[in-house]
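Asker: Coordinates only, no sequence provided:
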């Protein structure tokens, strides 16, 4: 159970860049919010809330702040307390992720880390407050522009991908990057608490390098993206040898129709995400 919950967080925070060239960030609209129920088998395990807020940086560039909150609940929380808040800041014009920061608690242990992306030196600087042995500089290939997993998964609704096709992406999770290929497997019907959907089943796989992380453990990730309306990922699933975690969309708030008055984007380096 603990590994499944942590892997759920990895599922939501690790997948990156849609391709190697800069593209505008269109995964989320300002004020958009998605809520997923997390289940382990038939047992409710927690909830994940994802929200987006448009901001303007000190240099006047339009930005998007993505906030992901995950917490265990119910019987699972009695066995394993897990709370985490992650924030990602992205340039809307280029789709570049500027930084990713997370802070939380696993049972009685505190967690906190941050990764800053420097595209002039082609390095990502990762710092782990409680595990300094994981601190490192991550080389970035020229033109590589990592993004967080949930933004990439939501971005799939903008894809015009057909069954049998695939796209290469780059996974950023903690102090590492993973090249992944997302395959369009087929069209499937999916039932969720907010309705039934015809979806495209997408399957990320690590094929171009020896598998690492959850891929090395034999893990399999599946994502079902609705083919109508807002084309949202309505279901995600992480399968491991000893069980599976399933995320189903239970709530969606549409983005605001007009952009708000720009506000400065604070840096979370010395402040807790809320």
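Answerer: Received, thanks. Since we're looking at a predicted model, the values are computed, not measured.

Asker: buried set for the top strand by length along the chain?
Answerer: Counting residues, the longest strand found in the chain (DSSP state E) is strand 176-192. Using 16 or more other C-beta atoms under 10 Å as the test for burial, strand 176-192 gives 177, 178, 180, 182, 183, 184, 185, 190, 192. No exception for glycine: its C-beta is placed from N, CA and C like everyone else's.

Asker: Which neighbours in the sheet does that strand have, and how are they oriented?
Answerer: Strand 176-192 pairs in its sheet with strand 166-173 (antiparallel), strand 195-205 (antiparallel), by DSSP bridges.

Asker: thinking again about what came up before, output the buried residues of strand 176-192 as CSV; include the columns pLDDT and distance to residue 94.
Answerer: Shown next, in CSV, are those (pLDDT from 0 to 100; distance: C-beta to C-beta, whole Å):
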residue, pLDDT, distance to residue 94
177, 79, 18
178, 77, 22
180, 80, 21
182, 85, 21
183, 90, 27
184, 91, 26
185, 94, 30
190, 95, 33
192, 92, 33
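
Asker: What degree of burial does residue 204 show, as a neighbour count?
Answerer: 25 (other C-beta atoms under 10 Å).

Asker: ok, and which of the strands paired with strand 176-192 has the densest surroundings?
Answerer: strand 166-173 (a mean of 21; mean count of other C-beta atoms under 10 Å).

Asker: so how far is it from its chain's centroid?
Answerer: 11 Å (C-alpha atoms, centre = their mean, to the nearest Å).

Asker: So what touches stretch 28-39?
Answerer: With C-beta atoms under 8 Å, 6 or more residues apart in numbering as the test, stretch 28-39 has contacts from 5, 8, 44-54, 64, 66, 70, 151, 154, 193, 232, 236, 245-256, 259-260.

Asker: Tell me how confident the model is about that stretch, as a mean pLDDT.
Answerer: Mean pLDDT, computed over stretch 28-39, is 91.

Asker: what angle separates the host helix or strand of residue 221 from strand 176-192?
Answerer: In the assignment (DSSP states H and E), residue 221 maps to strand 220-226. Relative orientation of strand 220-226 versus strand 176-192 (axes from the mean of the first three to the mean of the last three C-alpha atoms, to 10 degrees): 50 degrees.

Asker: Kindly point out the strands partnered with the next helix or strand along the chain from strand 220-226 and how each is oriented relative to it.
Answerer: Where DSSP H and E defines the elements, the next helix or strand beyond strand 220-226 is strand 233-240. Each strand paired with strand 233-240, and its direction, by DSSP bridges: strand 220-226 (antiparallel), strand 243-253 (antiparallel).

Asker: Please name whichever of those is nearest to residue 76.
Answerer: Set against residue 76 and scored by C-beta to C-beta, those come closest in strand 243-253, at 10.6 Å.
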